[in-house]
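K.L.:
Okay, here's the prediction I keep looking at, along with the sequence it came from:
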Amino acid sequence: MTGAAGTRGAARAPRRGEELELEIDSLAFGGRGVARADGFVVFVAGALPGDRVRAEITKGKKRFAEARAVELLRAGTDRLPDTCVHGGEPCPGAPWQGLPYEQQLHYKQEQVAEALGRIGGLEGFELEEIVPALEQWRYRNKLEYSFGEDDEELTLGFHARGRWDLTVDADDCHLASEAGNEARNAVREWARAEGLPAWDRRAHRGVLRNLAVREGRRSGQIQTRLVTTRARFPRPPVDLHTMVEDNAGGTDGPTGVLGEERLREELCGLKLEISHGAFFQTNTEMAERLYAVAGEYAGLSSRELVFDLYCGIGTIGLTMAGKAGEVWGMEIVPEAIADAERNSRANGIENAHFIAGNARTGVRPLVEKAGKPDVVVVDPPRAGLSQKIVRRLLESEPQRIVYVSCNPTTLAPNAAQLGEAGYKLARVRPVDMFPQTPHIECVALFERDEKRVAAARKSEEAATDE
């Protein structure tokens, strides 16, 4: 097979476990390098354009294969030295760190355009320039780490690439702040001093599973969450603000909050409190830029009724409340709604209301309660909106829909559905929330076109009659 140090023969699909030498010529959506071997496309994790790598096939299909780079034979001419390294391996949370930042932005912009054009079949919209990150490193306000053991010494860090049985110790992760690193290291040293073992999933024994470290970037507060098996052990130091959770659901261990239960943060001039399980954007500074784009696209003039679906702790709705007539937020997690209501009161915001509910079943009752919205903001999970939620959204007949997406490949089919119903995709602006990674956030604006809506209804009625 070509691409490997072997004899050319009849073309066949690469097989699992086979090793090939490959030249990487581009990047696929999701960040894997793209190579070709005897007409077969190979997607290679851990490889960047210009690299020549030795890669192990992890999955073989009829027309393509998946692989992971096991050795960098020759670095691409533009490849940068790794900045964040743990145990001699590149940080798994920064797979694009070898790619110059301007190229990262270029690929992200290109992949948004490709997703909307190829998957959604969309055209005629304005793809605006990507908003670059304020900080390329030390931007994450939350990181999760796993416990393991190496030569019988407790480790706390990340799983090695492609390995769930090996945890590489992290000492200074450049995605985290110095304070966040210090908190993680303090938990590890406490656990080592107490002689606590990591959970061994193969042997089904041990205590420590994983640790989450959250930081209030503006408050300076650090909160850690320690997940364990059901066991008794000494309490972690209270000054670590540690919440200990028994993931078996029992109460044998020292479960509960040892430090402060809620994280304090400031965002867009708002003072927020965030429960330990509530979602909050992991890049505080760029969340402000993201929400600023959403606010710009909403085009509010102090009169509009705004629905904020998938509202979480209410951040988007609360940032828009000052320019809206009224805001209604909906979120399926009751604890997040409690945070939203608390934050609304704490900031003296009287025109924002929040209810716990599923967007699939809750939009109709919300319209009955509050009326039809002028603007709907949606910030769904990576899977995007289901067809039923899109239908409910269309039934509410907003003039504008602001879609905050963390996955352009699910935004695209949703955009196509909205377009078929008469909502024109007007503008899209990517925002780089996660430098050194292939993850892409973007904000899309859909505007209601009455002629298109009427034509879509007429077409639907004709199809129903048939």
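P.N.:
Received it, and whenever you're ready, just let me know what you need.

K.L.:
For the residue nearest to the spatial centre of the chain, give me its contacts.
P.N.:
Nearest to the mean C-alpha position of the chain, by C-alpha atoms, centre = their mean, lies C406 at 6.0 Å. By C-beta atoms under 8 Å, 6 or more residues apart in numbering, the contact list for C406 reads P381, R382, H439, I440, E441. Bear in mind the C-beta positions are built from the backbone N, C-alpha and C, glycine included.

K.L.:
residue contacts, the fourth one?
P.N.:
Meaning I440. K108, Q111, V112, C406, N407, P408, P430, D432.

K.L.:
Is the residue nearest to it when sequence neighbours are not counted part of a helix or strand, or is it coil?
P.N.:
Excluding the flanking residues, the one nearest I440 by C-beta to C-beta, 6 or more residues apart in numbering is K108, at 4.9 Å. Under DSSP: H, G, I helix; E, B strand; the rest coil, K108 falls in the helix class.

K.L.:
which residues in the stretch 101-250 of the chain form helices?
P.N.:
Per DSSP state H, counting those that start in this stretch, the stretch 101-250 of the chain carries helices over the ranges 101-114, 178-194.

K.L.:
Make CSV from those and add mean pLDDT, distance to A28 and mean neighbour count to it.
P.N.:
What follows is the helices of the stretch 101-250 of the chain, written out as CSV (pLDDT from 0 to 100; distance: least, C-beta to C-beta, whole Å; neighbours: other C-beta atoms under 10 Å):
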stretch, mean pLDDT, distance to A28, mean neighbour count
helix 101-114, 96, 9, 18
helix 178-194, 94, 31, 17
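
K.L.:
closest to E144 out of these?
P.N.:
Nearest to E144 among the helices of the stretch 101-250 of the chain is helix 178-194 (10.1 Å), distances taken as C-beta to C-beta.

K.L.:
CA-only coordinates of the closest one in CSV, if you can.
P.N.:
Once non-C-alpha atoms are left out, helix 178-194 reads as follows in CSV (Å, rounded to 0.1, in the frame of the first residue of the first chain):
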residue,chain,number,x,y,z
GLU,A,178,-1.7,29.5,37.7
ALA,A,179,-4.3,29.5,40.5
GLY,A,180,-6.1,26.6,38.9
ASN,A,181,-2.9,24.6,38.6
GLU,A,182,-2.1,25.3,42.2
ALA,A,183,-5.5,24.0,43.4
ARG,A,184,-5.2,20.8,41.4
ASN,A,185,-1.6,20.2,42.7
ALA,A,186,-2.7,20.8,46.3
VAL,A,187,-5.4,18.2,46.0
ARG,A,188,-2.9,15.7,44.6
GLU,A,189,-0.4,16.4,47.3
TRP,A,190,-3.1,16.0,50.0
ALA,A,191,-4.2,12.7,48.5
ARG,A,192,-0.6,11.4,48.3
ALA,A,193,0.0,12.4,51.9
GLU,A,194,-3.1,10.5,53.0
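
K.L.:
which strand is the longest one in this structure?
P.N.:
Taking DSSP state E as the criterion, the chain has its longest strand at strand 64-74.

K.L.:
list the buried ones in that one?
P.N.:
Going by neighbour count (16 or more other C-beta atoms under 10 Å), the buried part of strand 64-74 is F64, A65, E66, A67, R68, A69, L72.

K.L.:
circling back to that earlier point, sort out which of the contacts of C406 are buried, if you could.
P.N.:
When the contacts of C406 are checked against 16+ other C-beta under 10 Å, the ones flagged as buried are H439, I440, E441.

K.L.:
Dump these into CSV; add secondary structure as well.
P.N.:
Shown next, in CSV, are the buried ones among the contacts of C406 (three-state DSSP):
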residue, secondary structure
H439, coil
I440, coil
E441, strand
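
K.L.:
With distance to T282 and pLDDT added, can I get the residues you listed in a markdown table?
P.N.:
Output for the buried ones among the contacts of C406, formatted as a markdown table (distance: C-beta to C-beta, whole Å; pLDDT from 0 to 100):
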| residue | distance to T282 | pLDDT |
| --- | --- | --- |
| H439 | 10 | 96 |
| I440 | 14 | 96 |
| E441 | 11 | 97 |
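
K.L.:
I'd like those residues written out as a markdown table, with distance to C173 added.
P.N.:
Shown next, in a markdown table, are these (distance: C-beta to C-beta, whole Å):
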| residue | distance to C173 |
| --- | --- |
| H439 | 17 |
| I440 | 22 |
| E441 | 21 |
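
K.L.:
My guess is S344 contacts F354. True?
P.N.:
Yes - the pair S344 and F354 passes the contact test of C-beta atoms under 8 Å, sitting 7.1 Å apart.

K.L.:
Which one of these two is surrounded by more residues?
P.N.:
Neighbour count, other C-beta atoms under 10 Å: between S344 and F354, F354 has more, with 25 against 22.

K.L.:
Next one: that one relative to A338, how far apart?
P.N.:
Shown here: F354 relative to A338, a distance of 9 Å by C-beta to C-beta, to the nearest Å.
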